[in-house]
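Q: sequence and predicted structure, then a few things I'm wondering about:
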Amino acid sequence: MARNPTTDPAAPRRRVASPKAAAAAGTTAAPATTLRKKAVISGPRAKSRKVAATPSDLDRLQALIVTSLEDDKGENIVTLDLAGKASFADRMIIASGLADRQISAMATHLQEKLRDNGFGRVRLEGAGGSDWVLIDAGDIVVHLFKPDSRELYGLEKMWGADLDEPSEG
């Protein structure tokens with residue numbers, strides 16, 4: 001049977017967290033051990049800066065992504081250079097898959113290959129059977145679409161306006 005700490009003197013007492021409450025209760029204050037308290041005591045965090053990827057790392061990452069998508073039978077794979085156009089990534093890769101299961105498998109396989117090759121944590125959105133899956137691999141963002149959704153959103157037209165323009169020469 002549990003003991004009631006307010007009526008039973010043999011019941012264990014809780015420590016009081018704040019020094020004011022401890023003084024009022026006549027006990028000692030518990031040490032500040034929670035992460036939030038430690039963060040408040042240590043002060044504000046220093047701003048972290050994203051380290052820019054070298055061109056060789058970016059090319060290696062792009063090659064790994066494209067190879068993975070090709071191995072999983074991704075169709076119409078397009079790479080767009082976003083340098084100077086967007087701050088969230090340097091490149092964007094867009095590919096199509098014919099079914100939800102194929103798109104989900106492409107995303108899962110890509111995530112595993114990137115992790116196994118030391119490219120850190122990769123974030124996925126929409127992998128639970130949707131028409132559009134976004135994979136954030138840091139400096140490269142990958143979009144996997146069903147063909148009709150890809151045409152509807154038109155990311156190639158939005159980010160790579162020069163794709164359909166004839167080359168001068």
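A: It's in.
Q: now do the contacts for the nearest residue to A127 once chain neighbours are set aside.
A: Computed as Cβ to Cβ, 6 or more residues apart in numbering, the closest residue to A127 that is not its neighbour in sequence is A107, at 4.9 Å. C-beta here means a position set from N, CA and C on the backbone, and glycine is covered the same way. Listed by Cβ atoms under 8 Å, 6 or more residues apart in numbering, the contact partners of A107 are L124, A127, V133, I135, L144.
Q: which SSE is immediately downstream of the host helix or strand of A105?
A: With elements delineated by DSSP states H and E, A105 resides in helix 100-116, which encompasses its position. Sequence order places strand 123-125 as the next helix or strand after helix 100-116, per DSSP H and E.
Q: secondary structure class for L152?
A: Recorded secondary structure, L152: helix (DSSP: H, G, I helix; E, B strand; the rest coil).
Q: so what's the residue count around it?
A: Other residues lying near L152 total 11 when counted by other Cβ atoms under 10 Å.
Q: tell me the domain boundaries of this protein?
A: 7-48, 55-163 (automatic domain parsing).
Q: which of those domains has the lowest mean pLDDT?
A: Across these, the stretch with the lowest average pLDDT is domain 7-48; it has a mean of 59.
Q: for A95, what is the enclosing helix or strand?
A: For A95, the secondary-structure element it belongs to, assigned by DSSP H and E, is strand 91-96.
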